[in-house]
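> Give me a model of this one.
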Amino acid sequence: MPAHPPHQSEIGVRKGRGLEPTGSVRVRPSRPRRVRGCDNAGVELRQACRAAGIGVVAVSGHDGRPRVHRAVPALSARLVVSLSDPIEVRYDGRTRNAQAVVAGLMRPGVATPATILRSQQPVAYAELSPSALQRLTGVPLSEMDAGGVSADAVLPWVAALCEELADRPVGQRETVMRVRLLEYLDRAGHGSGPEDALRTLGMIGASRGTASVAELARYAHLSPRRLRYVMGRSLGITPKFASRVARLASAVSRAGAGADSWAQVAAESGYHDQSHLVHDFRDLMNTTPAAWLDEEGRNLQGWRRPAP
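This next block holds a predicted model:
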């Protein structure tokens, strides 16, 4: 699995509602686009993906003994597909296995999911904006959590995607995944979403969790109380919790890039002190900063271990 925030798994559709989306995507038969590898075409493809809400796309494999990979906190959604054995995901005290997993936003009180990386298990991962996830699945964002659900419950085309990726050479798989996701988003249309909540979520991400609720409310032209209600109803999280997620994501990124100390990481990421950072690591990732680096350091490029 890549060093990006991969394997978020089992969406958590709200209890009592089952796994069926409120409006599934209708896929019309069409001739697939030809996938080409030209450099200019690759740049244009990435630009089109960013505009559509598709972020990091990566294909990776793990060599060695099985190990745990903890998802990094994020304000984005994820689609992860295994090209061999099913993915094993641990979330909120449960363990599930699925060939492909689609996951939504984090929830208070539940740490990010952990995936078991196994040798010779190629995996493709795509980061999706919340709005792109809702368009693809038709499921309200408030009914999806970071645990994830088996993707075939909400994405009727995912089995075909898995087969196509497995049949392609390794060097073509990222491009194929980008092209297919763009096609399915185009077919899904541009349905209306919770615009105020999504714009505010974008602002929280841009500020790396440092904007106050009052500032966010002014940006959204809502009262703080109304903003909390709107985000809670449409996304399942409050502005304060979303800011915690964004702040820890920023800290993880700083540490991964290299830092002199955890105290420096905490200060530059908007934490009161290092103990505040450690608290969020434990609460949102169920680990400590040092333990996380022990797990993921081998996957980080050009990093140096922060001093305690």
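
> just the helices in the stretch 51-200 of the chain please.
130-137, 158-167, 170-188, 195-206 (DSSP state H, counting those that start in this stretch).

> Comparing those, which stretch has the densest surroundings?
Ranked by mean neighbour count, the helices of the stretch 51-200 of the chain are led by helix 130-137 with a mean of 24 (mean count of other C-beta atoms under 10 Å). Backbone N, C-alpha and C define where each C-beta goes, glycine included.

> tell me what that one is packed against?
With contacts taken as 3 or more C-beta pairs under 8 Å, 6 or more residues apart in numbering; DSSP states H and E, helix 130-137 sits against strand 77-82, strand 100-103, helix 170-188, helix 195-206.

> Let's see the pLDDT reported for Gln134.
In the prediction, the pLDDT value recorded for Gln134 is 94.

> so it sits right up against Gly193, yeah?
Yes. Counting by C-beta atoms under 8 Å, Gln134 sits close enough to Gly193 to count as a contact (5.7 Å).

> Overlap in contacts, those two.
Common contact partners of Gln134 and Gly193 (C-beta atoms under 8 Å, 6 or more residues apart in numbering): Leu141.

> so which of the helices of the stretch 51-200 of the chain gets nearest Ser261?
With respect to Ser261, and counting by C-beta to C-beta, the nearest of the helices of the stretch 51-200 of the chain is helix 195-206 at 25.5 Å.

> CA atoms of the closest one as PDB?
What follows is helix 195-206, C-alpha atoms only, in PDB (Å, rounded to 0.1, in the frame of the first residue of the first chain):
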ATOM      1  CA  GLU A 195     -23.000  23.300  -0.900                       C
ATOM      2  CA  ASP A 196     -22.600  25.300   2.300                       C
ATOM      3  CA  ALA A 197     -21.200  22.300   4.100                       C
ATOM      4  CA  LEU A 198     -18.800  21.300   1.300                       C
ATOM      5  CA  ARG A 199     -17.500  24.800   0.800                       C
ATOM      6  CA  THR A 200     -16.800  25.100   4.500                       C
ATOM      7  CA  LEU A 201     -15.100  21.700   4.500                       C
ATOM      8  CA  GLY A 202     -12.900  23.000   1.700                       C
ATOM      9  CA  MET A 203     -12.100  26.100   3.800                       C
ATOM     10  CA  ILE A 204     -11.200  24.000   6.800                       C
ATOM     11  CA  GLY A 205      -8.800  21.900   4.600                       C
ATOM     12  CA  ALA A 206      -7.200  25.000   3.100                       C
END
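
> Now do it, average pLDDT.
96.

> Now the element after that helix, going C-ward?
Using DSSP states H and E, the next helix or strand after helix 195-206 towards the C-terminus is helix 213-220.

> right, and the helix or strand after that next one?
helix 224-235.

> What residues of the helix or strand just after that following helix count as buried?
Proceeding N to C from helix 224-235, the next assigned helix or strand is helix 239-257, under DSSP H and E. Neighbour-count burial for helix 239-257 flags 239-252, 254-256 (criterion: 16 or more other C-beta atoms under 10 Å).

> how close does Ser275 sit to Ala291?
The spacing between Ser275 and Ala291, counted by C-beta to C-beta, to the nearest Å, is 16 Å.

> Tell me which of those two has more neighbours.
Between Ser275 and Ala291, Ala291 has the larger neighbour count (other C-beta atoms under 10 Å), namely 14 against 11.

> residue ranges with poor pLDDT in the stretch 151-300 of the chain?
Where the stretch 151-300 of the chain drops to pLDDT under 70, the residues are 191-192, 297-300.

> Just the endpoints, please. Distance across stretch 267-286?
By C-alpha to C-alpha, to the nearest Å, the extent of stretch 267-286 from end to end equals 21 Å.

> And it, how far out from the chain middle?
20 Å (C-alpha atoms, centre = their mean, to the nearest Å).
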